[in-house]
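Trainee: below is the structure, and that's it, no one-letter string:
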């Protein structure tokens, strides 16, 4: 019962929290254009927030970007035109799903390369640790004399028993 109640509350609040950043004065009167604006906004990254779309970001630049998207829609641009305009202005970084091309290969392959590199280092360290034998250091002459004295003392104690 409590789980269902929490699920209902969560599902009710999720759409509200994602739409909180869009202010009432930004919303277009035409519902079709507004839906397109939301669609485009969800594909654009806020340039000051990390991994947050401009539709859910409260940053000032995100608001300016949302307004710009709506202005371009009102001017008759297609969604693709708006995305191209934003990429020309802010670079591929502005896209939440960057294209797969020569400029973004590092972005796509860097995690795999870093994981392989870290795995190689881990494998090398583990392999060296497995084959490395730990040999105690040799005793100095003073340490050998002290050890001999202890052994003689203990053997004398054994004899006196």
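Mentor: Arrived safely. What you see is a predicted model; the values in this text were computed from it and never measured. Residues are numbered from 1 along each chain as shown.

Trainee: which strand or helix spans the nearest residue to residue 54 once chain neighbours are set aside?
Mentor: Distance criterion C-beta to C-beta, 6 or more residues apart in numbering; nearest residue to residue 54, sequence neighbours excluded, is residue 62 at 4.2 Å. C-beta coordinates here come from the backbone N, C-alpha and C atoms, glycine included. Element membership for residue 62 (DSSP states H and E) is helix 60-74.

Trainee: kindly report the same for residue 123.
Mentor: Assessed by DSSP H and E, residue 123 sits inside helix 105-131.

Trainee: ok, and what's touching whichever helix or strand comes after that helix?
Mentor: Per DSSP H and E, the first helix or strand lying C-terminal to helix 105-131 is helix 141-160. With C-beta atoms under 8 Å, 6 or more residues apart in numbering as the test, helix 141-160 has contacts from residue 139.

Trainee: circling back to that earlier point, quick one: average pLDDT of the helix holding residue 123?
Mentor: Averaging pLDDT along helix 105-131 gives 92.

Trainee: would you confirm that residue 52 contacts residue 46?
Mentor: Yes. If you go by C-beta atoms under 8 Å, residue 52 and residue 46 touch, sitting 5.0 Å apart.

Trainee: which of those two has more neighbours?
Mentor: When residue 52 and residue 46 are compared for neighbours, residue 46 comes out ahead with 25 against 16, by other C-beta atoms under 10 Å.

Trainee: list the residues that contact that one.
Mentor: Here residue 46 is in contact with 52-54, 57, 59, 61-62, 65 (C-beta under 8 Å, 6+ apart).

Trainee: thinking again about what came up before, what residues sit buried inside the helix holding residue 62?
Mentor: In terms of neighbour count (16 or more other C-beta atoms under 10 Å), helix 60-74 has its buried residues at 62-63, 65-66, 68-70, 72-73.

Trainee: other SSEs contacting that helix?
Mentor: helix 31-41, helix 79-90 (3 or more C-beta pairs under 8 Å, 6 or more residues apart in numbering; DSSP states H and E).

Trainee: same thing but at 6 Å, please
Mentor: Judged by 3 or more C-beta pairs under 6 Å, 6 or more residues apart in numbering; DSSP states H and E, helix 60-74 is in contact with helix 31-41.

Trainee: okay, the angle between the helix it packs on and helix 60-74?
Mentor: Calculated by axes from the mean of the first three to the mean of the last three C-alpha atoms, to 10 degrees, helix 31-41 forms an angle of 130 degrees with helix 60-74.

Trainee: helix 31-41 - contacts with which helices or strands?
Mentor: Counting by 3+ C-beta pairs under 6 Å, 6+ apart, the packing neighbours recorded for helix 31-41 are helix 60-74.
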